[in-house]
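> sequence and predicted structure below; questions after.
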Amino acid sequence: MTIGFKSISLVSLTIVLVTVLAIILVPRFASAAAGPGGGGGTNGCASYNYSTCVGAVWRYYKSTSNSVAIKNVGAGYTYVSNCGSTGGYFAYVLVNKYNPNNESLVRSWKIGPVNEAGDRSEFFGGWTRYYVYSSPGDPLPVNPGNGMYSWYSAQKAFEQTKALGQNSGYNWDGNSSLGWFCYRGLDFNLSPSITGSPTFATGDSSGSDKATLTPIVTNAGPTTSSNASWRVVNFRLAPGVAVPNGGDSNTIPETYFGNGAVTIANGSQDFAKGASGVAVNQQIIGDFPLGTRICYALSVVPISQSNGNWRHSTPFCIIIAKSPKVQVHGGDIRVGSGFVGEAAPANANINTSQTIKKR
C-alpha cells in the first residue's frame with residue numbers, strides 16, 4: 001500500500017513538473033483587434049487568412065513618407081502619418097497565414113481599447129500568438145531595419161520615443177488604441193579630433209612652457225549619441241620616431257598609441273549632432289632633448305550605435321627645438337675676445353634658450 005502511494009506521488013510530481021516546464025517554454029500570447037473580421041472562434045482566433053491564429057507582430061518600416069496607408073483586417077485603412085522626419089515607424093500587424101514574411105500582405109492591428117464589443121483587445125494575455133517569440137530580455141532596436149521585431153523590443157522602442165521627442169501621444173497600455181508609432185532610434189557616428197597651439201615665454205627654458213589643446217568630438221549622425229566616453233592621452237616620441245596614425249580599434253588609447261601614453265583628461269556625455277568640445281586644461285610641456293615630440297590625442301567610444309570600438313584621432317604634436325637669440329647675415333658672431341688693450345671677459349659665452357613649435 002505504501003509502495004503504491006509513493007508511485008502515484010512520483011507520477012503526479014512528474015506530471016506537474018512537465019506542465020510547469022511547458023508553461024515556461026510556450027511563447028507569449030496576446031489578443032488584439034483592428035476593426036471587423038479580426039477574430040472569431042471559441043479559442044479567440046479564426047482560420048481566415050488574417051486571424052489571431054496566424055499571429056501578430058510588430059514590423060518596422062524605414063520610410064521618409066509623411067503618409068502611409070496600411071489595409072485593415074476588415075474594411076478601410078490605418079494611416080501612419082508625420083513619421084517622415086524620423087525616417088521610420090513601427091506598425092502592429094497581422095501576418096498572412098500563407099505568406100507570413102511578405103510585408104506587402106500584412107494587415108493593420110492594434111493593442112486596444114479593451115471592451116466587450118467587436119474590437120476586443122487586451123494588453124497582454126489571451127489567444128493571439130506572436131509570430132516572433134518575445135521575452136523581456138529582447139534588446140532595444142537602436143538602429144532598426146525593415147523587418148519584424150518582438151513585442152518587448154517594440155515596447156522598449158516606444159518608451160524611447162519619449163526621450164527622442166517622437167512620441168505620438170499614445171500610451172503603451174490596454175486603452176491606447178495603439179497600432180503604430182514613429183521611431184528612428186539612435187543613429188550617430190562619432191569622430192574625434194584635436195588641435196592646439198604651443199605658448200611660451202621667450203628665453204624661458206625652465207620647463208614652464210605650456211600647450212593649449214582644442215579637442216572636439218563631431219557627431220555626423222542625425223540623432224544625439226548614447227552616453228559616450230572620451231579620453232585625452234599624452235605621450236612622448238624620441239627624435240626620429242614616427243607619429244602614430246589615428247584610426248578605429250578595440251584597444252584603449254593608452255595601448256593604441258603606446259610610447260608611455262597616459263590619460264590627462266576624460267569624461268562621458270551625450271554628443272548632439274555636429275561638433276562638441278570637451279574640456280582639457282593647459283598642459284605644461286617641460287624640458288626634453290631637442291627634437292622630442294610631445295603628442296596629445298583624443299579618443300571616443302562607442303563610435304556608433306552598432307560599433308562599440310574606440311575611434312582615435314590623429315595626434316597633435318609639438319617639437320622641442322632651439323631658437324637663436326642673434327641672427328647673423330653675411331658674417332660671423334664671436335665671443336671671448338676683447339678690445340685692443342683689454343682682457344676678454346672670463347664669462348664670455350653664447351647662450352640659447354628652449355622654445356617649441358607645432359609639428
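Perfect, I can see it now. Numbering: from 1, shown residues only.
> and Thr161, that one's in a strand?
No - under DSSP: H, G, I helix; E, B strand; the rest coil, Thr161 falls outside any strand and is assigned helix.
> residues near it, how many?
Neighbourhood size, Thr161 [other C-beta atoms under 10 Å]: 20. The C-beta positions use only the backbone N, C-alpha and C, and glycine is treated the same way.
> what's the spacing between it and Gln155?
With distances taken as C-beta to C-beta, to the nearest Å, Thr161 is found 11 Å from Gln155.
> again, but for Gly240
For Gly240, the distance to Gln155 equals 59 Å [C-beta to C-beta].
> okay, these two: which has more neighbours?
Using other C-beta under 10 Å, the more surrounded residue of Gly240 and Gln155 is Gln155, with 18 against 7.
> need the pLDDT of the more buried one.
Listed pLDDT for Gln155 reads 87.
> quick check: buried residues in the host helix or strand of it?
Element membership of Gln155, judged by DSSP states H and E, is helix 151-164. Residues of helix 151-164 classed as buried by neighbour count (16 or more other C-beta atoms under 10 Å): Trp151, Tyr152, Ser153, Ala154, Gln155, Lys156, Ala157, Phe158, Gln160, Thr161, Leu164.
> what is the subsequent helix or strand relative to it?
With elements assigned by DSSP H and E, the helix or strand that comes after helix 151-164 is strand 180-182.
> for that next one, name the packing helices and strands.
strand 88-94, helix 151-164 (3 or more C-beta pairs under 8 Å, 6 or more residues apart in numbering; DSSP states H and E).
> make a markdown table out of these and add distance to Ile111.
Formatted as a markdown table, the helices and strands packed on strand 180-182 follow (distance: least, C-beta to C-beta, whole Å):
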| stretch | distance to Ile111 |
| --- | --- |
| strand 88-94 | 7 |
| helix 151-164 | 10 |
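> weakest of those by average pLDDT?
Among these, helix 151-164 carries the lowest mean pLDDT, a mean of 83.
> buried residues in stretch 268-286?
Neighbour count says stretch 268-286 has Phe271, Lys273, Ser276, Val278, Val280, Gln283, Ile285 buried, by 16+ other C-beta under 10 Å.
> which two of those have the greatest separation?
Maximum pairwise distance among the buried residues of stretch 268-286 (C-beta to C-beta): 35.0 Å, between Lys273 and Ile285.
> touching stretch 96-109 from outside, list them.
32-35, 38, 48-51, 53-56, 59, 61, 70-73, 77-78, 91-95, 131, 146, 179-180 (C-beta atoms under 8 Å, 6 or more residues apart in numbering).
> contacts only, for the residue nearest to Asn146 when sequence neighbours are not counted.
In space, and not counting its chain neighbours, Asn146 is closest to Lys62: 5.6 Å by C-beta to C-beta, 6 or more residues apart in numbering. Applying C-beta under 8 Å, 6+ apart, we find Lys62 in contact with Gly87, Gly88, Pro144, Gly145, Asn146.
> and Lys62, how far from Val68?
Distance, Lys62 to Val68, by C-beta to C-beta: 11 Å.
> ditto for Gly88
From Gly88 to Val68 the distance is 10 Å (C-beta to C-beta).
> find residues that contact each of the two.
Tyr61.
> verify the stated contact: Thr214 with Gly196.
Yes - the pair formed by Thr214 and Gly196 meets the contact definition of C-beta atoms under 8 Å, at 5.8 Å.
> of the two, who's got more company?
Remark: of Thr214 and Gly196, Gly196 carries more neighbours, 18 against 14, as counted by other C-beta under 10 Å.
> for stretch 213-228, list the C-alpha coordinates in CSV.
Presented in CSV, the C-alpha positions along stretch 213-228 are these (Å, rounded to 0.1, in the frame of the first residue of the first chain):
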residue,chain,number,x,y,z
LEU,A,213,44.6,72.0,-26.6
THR,A,214,41.3,72.0,-28.5
PRO,A,215,39.8,68.5,-28.5
ILE,A,216,36.5,68.1,-30.5
VAL,A,217,34.1,65.2,-31.0
THR,A,218,32.0,65.5,-34.2
ASN,A,219,28.7,63.6,-34.5
ALA,A,220,27.9,63.1,-38.2
GLY,A,221,24.6,61.2,-37.5
PRO,A,222,21.1,62.7,-37.3
THR,A,223,20.5,61.8,-33.6
THR,A,224,22.2,62.6,-30.4
SER,A,225,24.5,59.8,-29.3
SER,A,226,24.0,57.5,-26.4
ASN,A,227,26.3,58.2,-23.5
ALA,A,228,29.9,58.0,-24.9
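> only the buried residues of that stretch, if you could.
Buried residues in stretch 213-228, defined by neighbour count with 16+ other C-beta under 10 Å: Leu213, Pro215, Ile216, Val217, Asn219, Gly221, Thr223, Thr224, Ser225, Ala228.
> adding distance to Val262, pLDDT and secondary structure, write those out as CSV.
Compiled in CSV, those are given as follows (distance: C-beta to C-beta, whole Å; pLDDT from 0 to 100; DSSP: H, G, I helix; E, B strand; the rest coil):
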residue, distance to Val262, pLDDT, secondary structure
Leu213, 15, 92, strand
Pro215, 16, 96, strand
Ile216, 21, 96, strand
Val217, 20, 97, strand
Asn219, 27, 96, strand
Gly221, 31, 89, coil
Thr223, 33, 83, coil
Thr224, 30, 86, coil
Ser225, 26, 88, coil
Ala228, 21, 92, strand
